[in-house]
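Peer 1: got a structure for you, letters missing:
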């Protein structure tokens, strides 16, 4: 439903949608692939389209770093035994079958360490550069389920996002959680605060994810150009 609504917005407004996700799973990609008959076949495909771009800033279950380690033993046993000696490559590649490797080849999942307050990105620099480039043009912000605890991403928002927005909707499972996320996101270090058409943003009360799409705020978000 979310992807369908956002694609509808693209068609009406003739403006792109930027999906920024902190999740590792591939549910978003599968929904986009089905809606747009599109394939995420390589790393560039996430940001190649003009209408929809996907930024997985903390990595993905099907991304990996591929390296080669020759410790005299083939396969994973040798890699595990000498893990402390491995030089993890900085490149990113699609890796959907983690049971397959060749010889001394090894793969390391491209995932940010799952702690409550992650402190770094885990994605291609080119993706981050593209997000950095596009953020100043953003005029509407929809936040679903994000706690706003990642200081590195908040710093990027406060550096590049406009304080004045046309629409902001924050839905994080409870009124309190939504208010806390909005407070972190909408307060700039220099004292400025986010506003929406000169007034406050909207945060949803206690809602399940599926209930969000039936609210007037969400319908207004995707219908007002």
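Peer 2: Arrived safely, thanks for sending. Being a predicted model, the structure only gives us computed values, none of them experimental. Residues are numbered from 1 along each chain as shown.
Peer 1: helices and strands of the protein: which one bottoms out on pLDDT?
Peer 2: helix 76-81 (a mean of 61; mean pLDDT, DSSP states H and E).
Peer 1: Figure out how far the helix or strand that that one is followed by is from the centre of its chain.
Peer 2: The element immediately downstream of helix 76-81 (helix or strand, assigned by DSSP states H and E) is strand 93-94. Averaging C-alpha coordinates over strand 93-94 and over its chain gives two centres that are 17 Å apart (Cα atoms, centre = their mean, to the nearest Å).
Peer 1: Could you do stretch 43-56 as well?
Peer 2: For stretch 43-56, the distance from its own C-alpha centre to the chain's C-alpha centre is 11 Å (Cα atoms, centre = their mean).
Peer 1: Can you pull the domain assignment for this structure?
Peer 2: Domain assignment for the chain, taken from automatic domain parsing, gives 2-58+118-223, 61-111.
Peer 1: Need the winner for burial among the ones you listed.
Peer 2: Of all the domains of the chain, domain 2-58+118-223 has the most neighbours on average by mean count of other Cβ atoms under 10 Å, namely a mean of 16. Just so you know, the C-beta spots here come from the backbone N, C-alpha and C atoms, and that holds for glycine as well.
Peer 1: residue boundaries of the strands in this structure?
Peer 2: Taking DSSP state E as the criterion, the chain contains strands spanning 17-21, 52-56, 59-68, 93-94, 105-111, 140-144, 164-165, 167-171, 195-196, 202-203.
Peer 1: partners of the last one in the sheet?
Peer 2: It stands for strand 202-203. Taking DSSP bridges as the criterion, strand 202-203 forms sheet pairs with strand 167-171 (parallel).
Peer 1: What angle do strand 140-144 and the partner strand make with each other?
Peer 2: When axes from the mean of the first three to the mean of the last three Cα atoms, to 10 degrees is applied, the directions of strand 167-171 and strand 140-144 differ by 0 degrees.
Peer 1: Show residues contacting strand 167-171.
Peer 2: Outside strand 167-171, the residues within contact range by Cβ atoms under 8 Å, 6 or more residues apart in numbering are 139-145, 178, 181-182, 185-186, 194, 196-197, 201-204, 207, 209, 212, 217-218, 220-221, 224.
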